[in-house]
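[1] What follows is a predicted protein model with its sequence.
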Amino acid sequence: MAAPALERYTQDLLLGEIWKRPDLSARDRSIVTVAAIIARNQPVELPFYLGRALDNGVKPAEISEIITHLAFYAGWPNAVAAANVASAVFAGRKIGPDQLAPASVVLLPLDKAAEDKRANMVEQDYGKVAPGVVQYTADVLFRELWLRPGLAARDRSMVTVTALVASGQVAQVPFHLNRAMDKGLAEKQAAEMLTHLAFYAGWPNVFSAMPVFKDVFAKRSAPVIGK
């Protein structure tokens with residue numbers, strides 16, 4: 001290998017230690033890693049980690065949903081590149097179309113009150129800036145993509161938070177981190193995501209995200225006045 005020290009850190013530290021830390025399951029680490037690689041458009045490493053994800057219990061249908069979801073949160077070209085790599089991995093494992101998430105599905109029930117509140121806030125803030133973005137945010141993202149049943153709500157939020165951290169887009173993290181934690185992601189799991197992502201997205205992106213995570217954790221643990 002051209003970088004012997006990198007090989008040592010990869011085997012001893014990354015694969016030998018980080019992946020075995022207890023606060024995030026191997027399955028969750030695979031989801032986070034695959035999402036980070038796709039978000040950063042680094043397909044060279046993707047076949048190895050897609051195989052590892054399958055071995056760690058991530059279903060082929062969940063992988064196809066992750067790729068579809070990231071088309072919206074990391075861009076179409078990144079998702080298409082990932083889909084091409086995944087197709088080869090699936091073919092090698094004899095995973096057929098019947099094991100993947102179908103194009104059209106029966107959507108999960110919509111929490112209309114919560115979605116109306118979110119949509120109204122976005123409309124007030126940005127309706128006159130980019131009405132098309134506001135329209136598709138409501139019609140496609142939150143009334144369709146987020147309601148696809150092939151990926152658990154907690155995992156879908158975890159994928160989104162990962163993509164935001166990995167691409168340095170921390171402004172949207174509070175909304176999606178709160179959403180992930182509302183759906184069952186524990187604080188120690190969210191914290192361990194940052195440790196894992198330091199290796200896959202780089203220390204600068206993680207240090208940029210840490211104050212945002214810190215603020216979300218503090219606000220969620222703060223006592224509610226009057227109770």
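    Thanks, I have the structure now. Numbers count the residues shown, from 1 in each chain.

[2] what secondary structure does residue 46 sit in?
    helix (DSSP: H, G, I helix; E, B strand; the rest coil).

[3] thinking it is in contact with residue 35, fair?
    No. Counting by CB atoms under 8 Å, residue 46 does not reach residue 35; the two are 11.0 Å apart. All C-beta atoms are positioned from the backbone trio N, CA, C, and that covers glycine.

[4] between the two, which one's more packed in?
    Higher neighbour count among residue 46 and residue 35: residue 35, with 28 against 22, using other CB atoms under 10 Å.

[5] Just name the shakiest helix or strand of the chain by mean pLDDT.
    Taking mean pLDDT, DSSP states H and E as the measure, the helices and strands of the chain show their lowest mean at helix 112-126, namely a mean of 93.

[6] now the residue lying closest to residue 140 once chain neighbours are set aside: how far from residue 200?
    With CB to CB, 6 or more residues apart in numbering as the criterion, residue 140 has its nearest non-adjacent residue at 7.6 Å, and that residue is residue 72. Per CB to CB, to the nearest Å, residue 72 is found 21 Å from residue 200.

[7] Between those two, point out the one with more neighbours.
    Taking other CB under 10 Å, residue 72 and residue 200 do not tie; residue 200 has more neighbours (25 against 17).

[8] In space, what's closest to that one - neighbours in sequence excluded?
    Take residue 200 and drop its neighbours on the chain: the residue closest to it by CB to CB, 6+ apart is residue 36, 4.4 Å away.

[9] Please, which helix or strand holds the one you found?
    Secondary structure from DSSP states H and E places residue 36 in helix 26-39.

[10] list the buried ones in that helix?
    27-39 (16 or more other CB atoms under 10 Å).

[11] Could you tell me which other helices and strands that helix packs against?
    Here helix 26-39 touches helix 46-55, helix 60-74, helix 76-92, helix 153-166, helix 187-200, going by 3 or more CB pairs under 8 Å, 6 or more residues apart in numbering; DSSP states H and E.

[12] now the angle from the second one to helix 26-39?
    Using axes from the mean of the first three to the mean of the last three CA atoms, to 10 degrees, one finds that helix 60-74 and helix 26-39 are set 40 degrees apart in direction.

[13] So for helix 60-74, mean pLDDT?
    Here helix 60-74 scores 98 as its mean pLDDT.

[14] And that helix, how far out from the chain middle?
    Remark: helix 60-74 is offset 9 Å from the chain centroid, using CA atoms, centre = their mean, to the nearest Å.

[15] Pick out the residue nearest the middle of the chain.
    Residue closest to the mean C-alpha point of the chain, counted by CA atoms, centre = their mean, is residue 159 at 1.0 Å.

[16] Give me the buried positions along the lengthiest helix in the chain.
    Counting by DSSP state H, the longest helix found in the chain is helix 203-221. With burial defined by 16+ other CB under 10 Å, the residues of helix 203-221 counted as buried are 205-206, 209, 212-213, 216.
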